[in-house]
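> Structure here, sequence nowhere to be found:
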């Protein structure tokens, strides 16, 4: 009996898709990575995922797990593989406000969790442009980052417990809600960020934090990135570390976004070279109890910092959000970035990180370095300045693969010189396999391969992703 | 040529100890775990550790890494094994204040790092009683916790990068100082908490945080633990999450400590059933700028909270530290605990965690449950109330091993009923091997064994620790 027939027998037959019904899973949202899945199953429970994996592995068929499919590195490309879509496993099993945890399945959309936790005065503080369609399973599998890492860390640090279907089909139950648990190796963090190559994450216990009672949000223009960093440090000091986001957009990035999406609002009356979207979250009652004039203390604290910056000549311009819709317009500009950056092709989507104090040097020097290779190269940059993560999209003058390779290598070589990473938050998938081969410490690669071979000896879990061939 | 002769050839011969010279390494500080090392080497560099491991593995000799040797679970017991002491690798290689990282070797004493970072207005926020003698290598190998986990997390979350000598002798360089780096599996967290069974940690890149400009510290008595938790939540809300420690000591624990160590100071004029040592750290200038009367805003905020608690009948008594020496006296009482708890034998040292809201039920009910097994049993309890970690030391009426087993199992069974962990922060070593066998999910144990076999196929790295025999 074929694998498909076996799957139809154990699952709801309408949830076993073949042929044209698979087309939605033949490509991710970037459209860059296209495959031809053998079939797609949409299990509704951990038990169904487990049974599916057992059958596929017995048949020697590779398995590609998919949740929101909003990744940027081709991690869900499925050629001749069985796609296991987690999208029907979308239950928020439990929210425990006192323990500040949410127990959720892999198919829960990130923004759905935001909405569900808001009712309790809490939030799951992971946020980025795809939050309306990305799902928790993929957030965990890629250790997603985003704009609030500065304050709350990446997905990894927001995850207390996991449920994983192993390549054997067994269910690994690591669903702890404890803050201290030293009982053997940290398996949880092995599966977080493994992009489905070691097993399928089906559920997780996630940390919630108090939802800030108010935000103080602003667009700020500075002379230099160095001055932008001093402003960040001053803000952190004054607010006791309450800066949630500190996002840098160069003037030409803003111009490109405004041209592409006319509904977006320009940050300032006049264009500025350095545009920073910053946000402070206020949790303490004394920061949100209105003053006599109706203003909020947290907004006043931010404004004082900005006025001081202006008097010191560091801050050129600043606009503080006056309403929730004003704040939303500021964020809309930032979050439109991926859509605009990826619309133009050919493109090299570098997602790099460097130490904070080296971001300015990287951005200043990488352009000229690339132009020495390709005079026509252009760049589109946004940067999570607070955590050193630069999204550097380079548009080469032609799609000649050797040119693309040389430009990519030049970016990576410079990042390596600065002690940085060639993949800060998007992961490896297939997009960054050449970089893994070139740049990752060979000893680390060898240990990763040993772990992969130990847990997935047949190499059927999302094969060809994360680890380059030896 | 014997292994010892080979080691003498490649290392400084005075750093290869045999016979009586090994006696210092024959036991850890608890005195409970005694072994007879084959020899002890004290390498001075990562290269020497690597060369040592290569020789020992070639000779088939087991290796036990040791740094401060202050563990509580027998993780350094070395019978017939080569002890690799990291104590001479005690360099703080670099402190980078702007990047807020310290690059240190495994033999650095925790308090030495505290002192070195204080000069920069920063701190490495890991703290517990052994901080004057424990070392970073052991802190990482056991994922040490302590009193500040509430605010800063365990050692794992304070570590950005690692250098590890693998069982092959190769050096795994994961010394990143980046806040975002998604390049393959998270190997760092596999070695943190592995208690030397997967390799020897030789150096680390550690996260530093701004050293609070001032602390507000108090001893508080409440009626119930439930009321103590509401007070904690109110304090967290008011201070925006700045509570650094929230340590519970029952009245009989305090009485036992005062009797054993007469230099300690009683928390209140009259004995109280529930004694909480709490500390708030103030980072923002506005919290430490003295008021007109010379008082600090952060202390006033704490005092207001306590007065409100008194008016509501929740807080029975409260003493706010008036000076640094007063604060030190409060901490001396708390930090003397391990010494006093472990002085009496036989003892069952349970280091358990349960969800925060179940701590009170655990502590109320475990005593009667144990007394049904052993009428004479007594208990000594301290608890990191803010993170649900209870150090429950039970003194059985006799040292009959079957009685000790039954009491241990009763504690663990109750912890399991509550969704807790049988080892919160001390790790497994050899002390908790029976618990691992009884209580750990068999699927998780199997995955741990697969990882161990993949990385250390000869089973020579700290053998017999962490993983019970299959």
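Received, thanks. Nothing here was measured: the structure is a model prediction, and the numbers come from that model.
> Are the host helix or strand of residue A:244 and chain B in contact anywhere?
Assigned by DSSP states H and E, residue A:244 belongs to strand A:243-250. No: Strand A:243-250 stays clear of chain B (Cβ under 8 Å from any Cβ of the partner chain), getting no nearer than 12.1 Å. For the C-beta atoms, the positions are set from N, CA and C on the backbone; glycine is no exception.
> Check stretch A:463-470 too.
Yes: residues of stretch A:463-470 contacting chain B under Cβ under 8 Å from any Cβ: A:466, A:467.
> quick revisit: who are the packing partners of the next helix or strand after the strand holding residue A:244?
For strand A:243-250, the following helix or strand on the C-terminal side (DSSP H and E) is helix A:251-260. If you count contacts as 3 or more Cβ pairs under 8 Å, 6 or more residues apart in numbering or on different chains; DSSP states H and E, helix A:251-260 packs onto strand A:274-282, helix A:337-343, strand A:378-384.
> try 10 Å this time
In terms of contacts (3 or more Cβ pairs under 10 Å, 6 or more residues apart in numbering or on different chains; DSSP states H and E), helix A:251-260 is packed against strand A:243-250, strand A:274-282, helix A:324-335, helix A:337-343, strand A:378-384.
> how many other residues sit next to residue A:425?
26 (other Cβ atoms under 10 Å in any protein chain shown).
> Could you pull up the residues touching it?
By Cβ atoms under 10 Å, 6 or more residues apart in numbering or on different chains, the residues touching residue A:425 are A:72, A:128, A:142-146, A:149, A:154-155, A:351-353, A:384, A:387, A:389, A:391, B:179-182.
> one more time with 7 Å, if that's ok
A:144, A:145, A:154, A:351, A:389, B:180, B:182 (Cβ atoms under 7 Å, 6 or more residues apart in numbering or on different chains).
> what do you get for residue A:100?
Taking Cβ under 7 Å, 6+ apart as the test, what residue A:100 contacts is A:122, A:207, A:208.
> out of everything not next to it in sequence, what's closest to the second one?
In space, not counting the residues next to it along the chain, residue A:207 is nearest to residue A:158; the distance is 4.9 Å by Cβ to Cβ, 6 or more residues apart in numbering or on different chains.
> Tell me the spacing between that neighbour and residue A:382.
22 Å (Cβ to Cβ, to the nearest Å).
> Please apply the same query to residue A:181.
From residue A:181 to residue A:382 the distance is 37 Å (Cβ to Cβ).
> Same check on residue A:110?
From residue A:110 over to residue A:382 (counting by Cβ to Cβ), the distance is 20 Å.
> So, low pLDDT: which residues of the stretch 351-470 of chain A?
Nowhere does the stretch 351-470 of chain A drop to pLDDT under 70.
> all strands for it, in order.
A:378-384, A:389-395 (DSSP state E, counting those that start in this stretch).
> any chance of the ones you listed in JSON lines, with mean neighbour count too?
Below are the strands of the stretch 351-470 of chain A laid out as JSON lines (neighbours: other Cβ atoms under 10 Å in any protein chain shown):
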{"stretch": "strand A:378-384", "mean neighbour count": "23"}
{"stretch": "strand A:389-395", "mean neighbour count": "22"}
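> For chain B, find the nearest of these.
Closest of the strands of the stretch 351-470 of chain A to chain B is strand A:389-395, at 4.8 Å (criterion: Cβ to the nearest Cβ).
> mind listing the strands for the stretch 51-200 of chain A?
A:63-66, A:82-85, A:92-96, A:101-105, A:122-123, A:159-165, A:171-174, A:200-207.
> what's the closest of those strands to residue A:260?
strand A:63-66 (28.3 Å; Cβ to Cβ).
> Could you list the residues in contact with the closest one?
Taking Cβ under 7 Å, 6+ apart as the rule, strand A:63-66 contacts A:25, A:53, A:56, A:76, A:78, A:81-86, A:196, A:200, A:460-462.
> Secondary structure element holding the residue nearest to residue A:411 when sequence neighbours are not counted?
Leaving aside its chain neighbours, residue A:411 sits nearest to residue A:350 (4.9 Å; criterion: Cβ to Cβ, 6+ apart). Using DSSP H and E, the element containing residue A:350 is strand A:348-353.
> what helices or strands is that strand leaning on?
strand A:389-395, helix A:401-417 (3 or more Cβ pairs under 7 Å, 6 or more residues apart in numbering or on different chains; DSSP states H and E).
> quick one, the longest one and strand A:389-395 angle?
Okay, so that is helix A:401-417. Helix A:401-417 runs at 160 degrees relative to strand A:389-395, counting by axes from the mean of the first three to the mean of the last three Cα atoms, to 10 degrees.
> Tell me the helices and strands packed up against helix A:401-417.
On a contact count with 3+ Cβ pairs under 7 Å, 6+ apart, helix A:401-417 meets strand A:348-353, helix A:359-371, strand A:389-395, helix A:433-439.
> per-residue confidence at the closest residue to residue A:431 other than its chain neighbours?
Spatial nearest neighbour of residue A:431, excluding adjacent residues (Cβ to Cβ, 6+ apart): residue A:73 at 4.0 Å. Residue A:73 carries a pLDDT value of 92.
> again with residue A:28
pLDDT at residue A:28 comes out at 81.
> Just say which of the helices and strands packed on helix A:401-417 is most tucked in.
strand A:348-353 (a mean of 24; mean count of other Cβ atoms under 10 Å in any protein chain shown).
> can you list contacts of it?
A:72, A:388-394, A:396, A:404, A:407-408, A:411, A:415, A:420-426, B:178, B:180-181.
> can you do 6 Å?
A:388-394, A:407-408, A:411, A:415, A:420-424, A:426, B:178, B:180 (Cβ atoms under 6 Å, 6 or more residues apart in numbering or on different chains).
> before we move on, what about stretch A:372-383?
With Cβ under 6 Å, 6+ apart as the criterion, stretch A:372-383 contacts A:248-250, A:253, A:337, A:341, A:370-371, A:390-397, A:403, A:406-407, A:410.
> mind checking how far the closest residue to residue A:161 other than its chain neighbours is from chain B?
Distances taken as Cβ to Cβ, 6+ apart place residue A:205 nearest to residue A:161, at 3.5 Å, with adjacent residues excluded. As judged by Cβ to the nearest Cβ, to the nearest Å, residue A:205 and chain B stand 10 Å apart.
> burial count for residue A:205?
23.
> now residue A:403
For residue A:403, using other Cβ under 10 Å, the count is 18.
> And it, how far from chain B?
24 Å.
> quick one: contacts for that residue?
A:374, A:396 are the contacts of residue A:403 under Cβ under 6 Å, 6+ apart.
> How far off centre is stretch A:456-467?
22 Å (Cα atoms, centre = their mean, to the nearest Å).
> measure it end to end?
Stretch A:456-467 has an end-to-end distance of 13 Å (criterion: Cα to Cα, to the nearest Å).
> what sits up against it?
A:57, A:62-64, A:75, A:167, A:195-197, A:428-430, A:448-449, B:184.
> So which of the residues you listed sit within helices?
Those of the contacts of stretch A:456-467 mapping onto helices are A:57, A:448, A:449, per DSSP state H.
> The first one: how many residues sit nearby?
Just to be clear, that refers to residue A:57. 19.
> and if you look at the last one?
Neighbourhood size, residue A:449 [other Cβ under 10 Å]: 17.
> so what's residue A:135 bridging to?
Going by DSSP bridges, residue A:135 is paired in beta bridges with residue A:109.
> Would you agree it is in contact with residue A:67?
Yes: assessed by Cβ atoms under 6 Å, residue A:135 is found in contact with residue A:67 at 3.7 Å.
> got any residues that touch both of these two?
In contact with both residue A:135 and residue A:67: residue A:107, using Cβ under 6 Å, 6+ apart.
> before we move on, back to that, now the ones in helices among the contacts of stretch A:456-467 in TSV, with distance to chain B?
Converted to TSV, the ones in helices among the contacts of stretch A:456-467 look like this (distance: Cβ to the nearest Cβ, whole Å):
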residue	distance to chain B
A:57	16
A:448	5
A:449	9
